[in-house]
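Visitor: Let's see this in three dimensions:
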Amino acid sequence: VGSLRVQTSGHEPWVHYTVRGAWLDSLWSSQKLTHDIYLEYACKVRVGFVGRLKQVEAVQLREQQQAFQGEKAAADAVLETLKRPFKQHVLELVREWASQYSMPLLRYKFLVLRAGSRCGKSTLAKSLHQELAWLKPPYIQTVQDDVSADLRGFNRRKHGFLVFDNINNMSFILSQRALFQSNGDVHTLGQSKTGVYSYDVYLYRIPIVFTVDHTATWDSLEPWMAENMVLIELSEPCFVEGRRPLELVMDQPDFDAAAARLAVQTLQAQLTANRNAAKALYRQQSRRHERAGRGGLGPAGQKATLAVYLLSGHNIELATVMAQRLSSFKHAQTPGYPSAATVESLFLAAPMSEICQAHAPETPAWVTATQQAQAFLAENSTVQWVETMNVGHGVTPSSVDVFLQCEGALLGHQPDLGAPSKRTVNKWAARWRLRWGVRRKTLQPEGYIEPEELRTKVRAFWHTLAHVSAKYSHKQIVFLNLDETSVGFNMTPLAGCVAAACVQRGLRLRAKVKKENLRGAMSYVALICDSAELQGKLPHYLIGSTVRLTKTIMKGIAALPATQLRILRRKSAWNTSEVMVAIIKDVSKTLQPVLDAGNVQPVLLLDCAPAHLPLPVMQAASDCGIQLLFIPSSCTHIAQPLDIRAFAGFKMYLKKVHRELRAASAEGLISPLAWIWHLTQAPRQFFAAKKWKPSFEDGPEDALEGLKAERKTLKQQLKQATKEIRLLDEVAVEAPRVQGYEFRSDEFTALTDQLRSKDLSPAQSQRCKVRVGFVGRLKQVEAVQLREQQQAFQGEKAAADAVLETLKRPFKQHVLELVREWASQYSMPLLRYKFLVLRAGSRCGKSTLAKSLHQELAWLKPPYIQSVQDDVSADLRGFNRRKHGFLVFDNINNMSFILSQRALFQSNGDVHTLGQSKTGVYSYDVYLYRIPIVFTVDHTATWDSLEPWMAENMVLIELSEPCFVEV
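Guide: Presented below is the predicted three-dimensional model:
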């Protein structure tokens with residue numbers, strides 16, 4: 001690296017100044033520090049050491065892998081020349097076994113090459129793709145004493161067959177029978193109780209080859225093995241014995257050493273040409289990065305962006321928007337997409353002569369750029385003017401207004417000739433709205449009061465209330481609130497469900513209402529108080545006009561049972577001072593028992609409606625011993641209990657009642673008498689059903705916190721602050737450097753994309769030389785590769801399942817009758833249910849039958865399947881009652897799997913916890929009540945049908961022959 005000490009000052013790091021970890025990262029990324037020195041310095045920095053240690057370990061591991069892979073490739077090239085041809089009769093046996101894969105079958109037989117040492121069985125197994133042209137290279141596992149297959153690295157796109165080399169014991173195969181049949185199932189490997197590290201493989205139609213030494217534990221007569229394997233027993237080498245091909249060639253009399261040297265020179269020349277092509281590609285990549293450094297802008301785009309920046313008074317935000325419009329990069333995720341840093345780089349790199357031309361253009365190119373910039377700035381100023389009109393004045397300017405404003409901003413004065421035709425203006429306005437994200441919209445009117453005036457009024461109200469409370473402090477105060485609300489004969493319908501068929505048939509869906517019910521309304525006078533005992537006794541009033549409340553309707557109302565709602569038929573439906581006097585006197589009669597007690601003072605809250613303010617109303621209240629307290633005008637929405645908490649819910653209650661009446665009436669038409677009857681129930685069903693005391697307890701602070709004006713201001717400030725933060729984030733992006741070029745992570749991403757398009761070979765790639773961030777990128781790559789593999793095998797499985805479905809044969813009727821007899825128990829609720837055991841030999845169709853029960857029993861959903869084999873516990877992490885109708889535990893090797901989980905398999909009503917451990921971190925619950933459970937067992941598995949618990953809890957179907965119709 002050089003001296004650790006600054007030669008001019010003698011200052012030492014970590015002594016006279018603090019060393020930042022980013023400095024070390026930059027040096028290590030540019031490969032100016034070795035791994036050991038980097039870790040030594042990083043340890044002194046301390047902060048972030050763990051992450052840097054993991055980065056170094058990952059890079060070292062990757063470098064080692066790349067090193068031995070290169071050595072292996074070189075060694076393989078040499079070893080390939082030493083191979084001898086295989087004997088033809090051995091290859092014929094192999095081709096005969098491989099012919100089964102030319103047609104779709106339910107399962108396939110695997111190949112076993114059994115021979116002594118140095119007979120070439122492993123070489124033959126690994127070279128099958130060279131003898132069988134349709135095969136891809138193999139995935140190889142050296143088994144020896146392993147107990148389970150490790151296929152985590154298997155990829156169907158890359159590997160054509162599997163080789164399990166050097167098996168020491170045949171139990172390796174027997175413990176994973178279903179896996180090695182290359183059937184259409186998805187198999188889960190790496191299982192444990194938690195299932196955290198498990199993974200799925202799909203091996204349908206994948207040839208599988210085993211190599212076995214004569215000294216291994218093996219029994220070729222084992223029934224299941226004899227049914228499912230093709231055995232090639234070799235007592236001598238499988239290759240042609242003699243000298244190797246390369247030795248034979250060099251010993252030939254016509255071997256020309258000069259020609260061989262010429263061939264070597266030709267290959268070296270081709271390699272040099274390949275290197276030169278790679279260098280040219282890197283230069284092309286550098287030019288691309290240089291273009292990305294300019295933000296994808298050509299010469300004209302750069303001039304226009306600079307002109308906007310200079311003419312706008314160095315407004316970098318506007319210049320960035322202009323650059324993004326003119327850039328060839330159209331997506332923000334594209335490396336080099338224009339940002340504030342791009343504009344700064346263009347300005348700093350521009351010579352003074354070009355900067356001056358932005359204000360006084362001399363060349364045609366700068367004249368065009370300046371015109372573009374002026375038009376852009378004029379449109380932007382128009383957008384700002386529209387925003388001012390919207391926010392400050394509540395006005396939405398028309399297309400003509402916007403056009404004239406933009407022309408005025410561009411010319412510096414309003415145009416003298418007026419606007420062009422309406423069609424031209426509208427087309428221009430549509431394009432302008434699209435460019436700037438402006439929408440056509442109507443602003444709804446909203447009541448407004450100055451916040452300071454509102455505060456003053458509310459503060460005065462609460463001071464008055466405090467005065468009244470102090471005045472009657474020796475009594476118990478009962479607060480009441482009276483106010484009117486309009487109730488029509490028809491309510492606005494609530495949102496609900498509309499059948500798709502009605503829409504598709506083009507039906508005109510409308511709610512029928514008589515015309516007279518669309519006009520006119522009544523005044524509902526509501527009264528609430530803070531006493532739950534009094535609320536149910538308080539009267540309510542419905543004021544209607546003589547036109548709507550006809551004598552016929554009034555006779556009908558008189559015949560109905562009396563409620564707390566008084567119907568007042570007047571000339572007008574509006575509340576008046578005369579009606580208010582009558583209401584106060586009527587309320588006084590209701591409160592008379594409370595007033596007679598002598599220690600209660602009613603306080604009635606009223607708004608400043610004209611009907612509440614006349615002197616007779618105040619006099620009537622005084623005569624009745626009721627204290628009036630008026631709420632200031634324009635403050636009822638934050639100070640009157642009925643407006644705050646009652647009327648909105650009351651209107652929703654009325655809409656629901658109206659919908660119920662419409663649903664029960666003929667043709668959806670509601671009679672006025674029925675509607676008024678339900679209004680008379682409101683005092684009891686709505687107002688008396690709620691406690692209104694909290695409505696009277698809100699203090700001034702609670703009310704003032706919800707002021708709409710302040711909330712609107714805060715939202716605008718928040719929006720502006722968010723916009724500024726986003727701008728700062730864009731400015732913080734570092735501009736790419738051309739001089740002293742350093743390979744960055746975004747450039748690495750672009751190079752990876754180029755590798756995918758086969759522009760670069762893997763040998764030309766940068767591998768892990770970037771170093772910083774390698775761990776995160778490695779995890780990204782692994783996750784994407786895993787997802788791609790899963791999607792690939794799921795697609796292949798779906799296609800294979802469609803083919804396999806055509807190969808299925810119908811099941812025998814007597815077997816299906818036994819299954820239906822077992823399934824009949826699920827038609828009734830029981831405390832527990834018996835599970836089904838299908839026990840048969842290999843290739844009898846027991847697994848196919850178990851997995852197809854939902855096709856034979858129409859009420860069943862598809863199954864959740866676990867291929868058990870030697871597993872010791874059930875793995876139901878993926879089970880979903882909505883998706884799966886029954887459980888299939890396939891290919892059980894030992895009945896202890898069932899006996900160790902007895903309660904789980906009884907389908908009882910308990911919730912069962914699986915995946916348990918001492919910590920319980922990965923445990924989960926399943927609920928299997930009334931879920932049918934099926935087990936499949938081979939005749940060679942460890943089984944005892946007479947075991948007492950099993951005999952009590954299972955239905956056993958023992959099959960001595962295939963369960964399907966043989967054809």
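Visitor: Am I right that residue 142 falls within a strand?
Guide: Yes. Remark: residue 142 belongs to a strand, assigned using DSSP: H, G, I helix; E, B strand; the rest coil.
Visitor: Who are the contact partners of it?
Guide: With contact taken as C-beta atoms under 8 Å, 6 or more residues apart in numbering, residue 142 is in contact with 165, 166. Any C-beta I mention is one placed from the backbone N, CA and C, and that applies to glycine too.
Visitor: Check the one 5 residues further on too.
Guide: Applying C-beta under 8 Å, 6+ apart to residue 147 gives the contacts 171, 172, 175.
Visitor: If you rank those residues by neighbours, which is first?
Guide: Counting neighbours by other C-beta atoms under 10 Å, residue 172 comes out on top of the contacts of residue 147 with 22 neighbours.
Visitor: Mind listing what's buried along the lengthiest helix in the chain?
Guide: For the chain, the longest helix by residue count, based on DSSP state H, is helix 257-293. Going by neighbour count (16 or more other C-beta atoms under 10 Å), the buried part of helix 257-293 is 281, 285, 288, 289, 292, 293.
Visitor: For residue 563, state which of the residues you listed is nearest.
Guide: The shortest gap between residue 563 and any of the buried residues of helix 257-293 belongs to residue 292, at 78.3 Å (C-beta to C-beta).
Visitor: Next up, the contacts around the residue nearest to the closest one when sequence neighbours are not counted.
Guide: For residue 292, the nearest residue in space outside its immediate sequence neighbours is residue 336; the separation is 2.6 Å by C-beta to C-beta, 6 or more residues apart in numbering. Taking C-beta under 8 Å, 6+ apart as the definition of contact, the neighbours of residue 336 are 289, 291, 292, 293, 294, 295, 296, 329, 342, 736, 746.
Visitor: what domains does the record give for the protein?
Guide: Domain assignment for the chain, taken from automatic domain parsing, gives 1-82, 84-243, 451-696, 808-958.
Visitor: These: which one's closest to residue 788?
Guide: The closest of the domains of the chain to residue 788 is domain 84-243. By C-beta to C-beta, the value is 8.3 Å.
Visitor: re earlier: output the contacts of residue 147 in a markdown table; the columns should cover distance to residue 82.
Guide: Below are the contacts of residue 147 laid out as a markdown table (distance: C-beta to C-beta, whole Å):
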| residue | distance to residue 82 |
| --- | --- |
| 171 | 35 |
| 172 | 30 |
| 175 | 37 |
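Visitor: mind listing what residue 307 touches?
Guide: With contacts defined as C-beta under 8 Å, 6+ apart, residue 307 is in contact with 358, 366, 369, 370, 372, 373.
Visitor: Recalculate using a threshold of 6 Å.
Guide: For residue 307, the contacting residues are 358, 369, 370, 373, taking C-beta atoms under 6 Å, 6 or more residues apart in numbering as the criterion.
Visitor: Likewise for residue 838?
Guide: 846, 850, 936, 957.
Visitor: about what we covered before: switch the contacts of residue 307 over to a markdown table; also include distance to residue 136, secondary structure and pLDDT.
Guide: Formatted as a markdown table, the contacts of residue 307 follow (distance: C-beta to C-beta, whole Å; DSSP: H, G, I helix; E, B strand; the rest coil; pLDDT from 0 to 100):
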| residue | distance to residue 136 | secondary structure | pLDDT |
| --- | --- | --- | --- |
| 358 | 62 | coil | 84 |
| 369 | 57 | helix | 91 |
| 370 | 62 | helix | 91 |
| 373 | 59 | helix | 92 |
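Visitor: JSON lines please, covering the residues you listed and showing neighbour count.
Guide: Compiled in JSON lines, the contacts of residue 307 are given as follows (neighbours: other C-beta atoms under 10 Å):
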{"residue": "358", "neighbour count": "20"}
{"residue": "369", "neighbour count": "25"}
{"residue": "370", "neighbour count": "21"}
{"residue": "373", "neighbour count": "24"}
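Visitor: with those residues in mind, which one is nearest to residue 531?
Guide: Among those, and counting by C-beta to C-beta, the member closest to residue 531 is residue 373, at 72.2 Å.
Visitor: close enough to count as contact, that closest one and residue 310?
Guide: No. Taking C-beta atoms under 6 Å as the definition, residue 373 is not a contact partner of residue 310, at 8.2 Å.
Visitor: name the helices or strands packed onto the helix or strand hosting residue 366?
Guide: Residue 366 belongs to helix 364-388 when elements are defined using DSSP states H and E. Based on contacts counted as 3 or more C-beta pairs under 6 Å, 6 or more residues apart in numbering; DSSP states H and E, the elements that helix 364-388 packs against are helix 299-311, helix 399-411.
Visitor: Report how many residues lie close to residue 223.
Guide: Using other C-beta under 10 Å as the criterion, residue 223 is surrounded by 12 other residues.
Visitor: OK, contacts around it?
Guide: Under the criterion of C-beta under 6 Å, 6+ apart, the contact list for residue 223 reads residue 940.
Visitor: Check residue 928 too.
Guide: By C-beta under 6 Å, 6+ apart, the neighbours of residue 928 are residue 907.
Visitor: quick one, phi/psi of it?
Guide: Recorded main-chain torsions at residue 928 are phi -110, psi 20, according to degrees, to the nearest 10.
Visitor: One more: residue 671?
Guide: Backbone torsions for residue 671, taken as degrees, to the nearest 10, come to phi -80, psi 150.
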